[in-house]
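Asks: Pasting a predicted model and its sequence here:
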Amino acid sequence: MPDPTALEHADAMIEKAWGRPIAELEKAAIRRPVEDPLLRAAMHTRSYLTVVSNSVAVHRERLHALTRPGHVPAFYDLDRITESASALRTAHGESNTALQAIRHVVDARELSLHTQDGLGAERVRAATARTAQSPRPLGLPTGQAAPPAAAAPGLPVVNRR
């Protein structure tokens, strides 16, 4: 049995996180993108991963065709082999990056579900409220505005003739 592809890993992660089959999740992400933005992000990254997975398959087949057993590559084939190997390596890197992005979205969903209830939610709301305030220097009372920054004196211009 061949190794599972990155797309199969992504499908398994998404199905496990949302608890529904991919076909249903695709429809839900298209119909109601505002209700679950994390699902929309995961499905958008999954569609990119689908394209990259097809690219990996094409480059792998091309490389296998150019380096099949018993075949001696011609001089002009060496460039094509190098380009195919490089493209395959790039596609694998893009595939792993997309898979990692989906993993981060799934982790963010799990964290958001845990923080909606309990002390974590209070901390998130408090941190959000703190970041909405304008920053001011430490030690100043709340009602007092920050003093303007002092301008540095200009250096005298010296004629070096």
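Replies: Now that the structure is in, tell me what you want to look at.

Asks: Spatially, what comes nearest to the most centrally placed residue in the chain if we skip its sequence neighbours?
Replies: In the chain, the C-alpha closest to the average C-alpha coordinate belongs to Ala101, at a distance of 3.5 Å (C-alpha atoms, centre = their mean). Sequence neighbours aside, Thr45 is the residue nearest to Ala101 in space, at 5.0 Å (criterion: C-beta to C-beta, 6 or more residues apart in numbering). Just so you know, the C-beta spots here come from the backbone N, C-alpha and C atoms, and that holds for glycine as well.

Asks: That neighbour and Ile81, how far apart?
Replies: To Ile81, Thr45 is 31 Å away according to C-beta to C-beta, to the nearest Å.

Asks: host element of Ser47?
Replies: helix 37-66 (DSSP states H and E).

Asks: between the helix or strand just after that helix and helix 37-66, how many degrees?
Replies: Next in sequence after helix 37-66, counting helices and strands by DSSP H and E, comes helix 75-115. If you take axes from the mean of the first three to the mean of the last three C-alpha atoms, to 10 degrees, helix 75-115 sits at 160 degrees to helix 37-66.

Asks: which residues does Arg60 contact?
Replies: Leu88 (C-beta atoms under 8 Å, 6 or more residues apart in numbering).
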